[in-house]
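Asks: The following comprises the amino acid sequence and a computationally predicted model.
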Amino acid sequence: MSYTKGEWKITNKPIFDYISIDTDERRIAKLYHHYGDNYANAQLISAAPDLLKACKYALDKYDDKFSWSKMALILIEAINKAEGKEE
């Protein structure tokens, strides 16, 4: 699975009709600001590539990948969801 590379950043502030998440090359998402929690949603969306990278790093550094520990299961679930591999 591939996603748009580059830094995802919020390029419009809520004072406009919408909030957008963009890279230097393209728009990722557009949310209308008049819904109260959309700015927080935009922050979460813009952090998605970094969160995926952090989950993969943590899982890679985890000593026992095949353990059924809660942390490993949460990391695997988050990575699978981000990569479209939900069961």
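Replies: Thanks, I have the structure now. Numbers count the residues shown, from 1 in each chain.
Asks: Low-confidence regions, this structure specifically.
Replies: Scanning the chain with the threshold set as pLDDT under 70 gives 13-15, 34, 63-68, 86-87.
Asks: Now the helix of greatest length in it: buried residues?
Replies: In the chain, taking DSSP state H as the definition, the longest helix is helix 38-61. Buried residues in helix 38-61, counted by 16 or more other Cβ atoms under 10 Å: 38, 42, 45-46, 49, 52, 55, 59. In short, each C-beta sits where N, CA and C put it, glycine included.
Asks: Doesn't Asn80 lie inside a strand?
Replies: No - under DSSP: H, G, I helix; E, B strand; the rest coil, Asn80 sits outside any strand and is assigned helix.
Asks: Can you tell me the number of residues neighbouring it?
Replies: If you count neighbours by other Cβ atoms under 10 Å, Asn80 ends up with 13.
Asks: now do the one 5 residues further on
Replies: Taking other Cβ under 10 Å as the neighbour definition, Lys85 ends up with a count of 11.
Asks: again, but for Lys5
Replies: Using other Cβ under 10 Å, Lys5 has 9 other residues around it.
Asks: Relative to Ser2, how far out is the residue nearest to Ala58 when sequence neighbours are not counted?
Replies: Leaving aside its chain neighbours, Ala58 sits nearest to Leu75 (5.8 Å; criterion: Cβ to Cβ, 6 or more residues apart in numbering). Going from Leu75 to Ser2 by Cβ to Cβ, to the nearest Å gives 21 Å.
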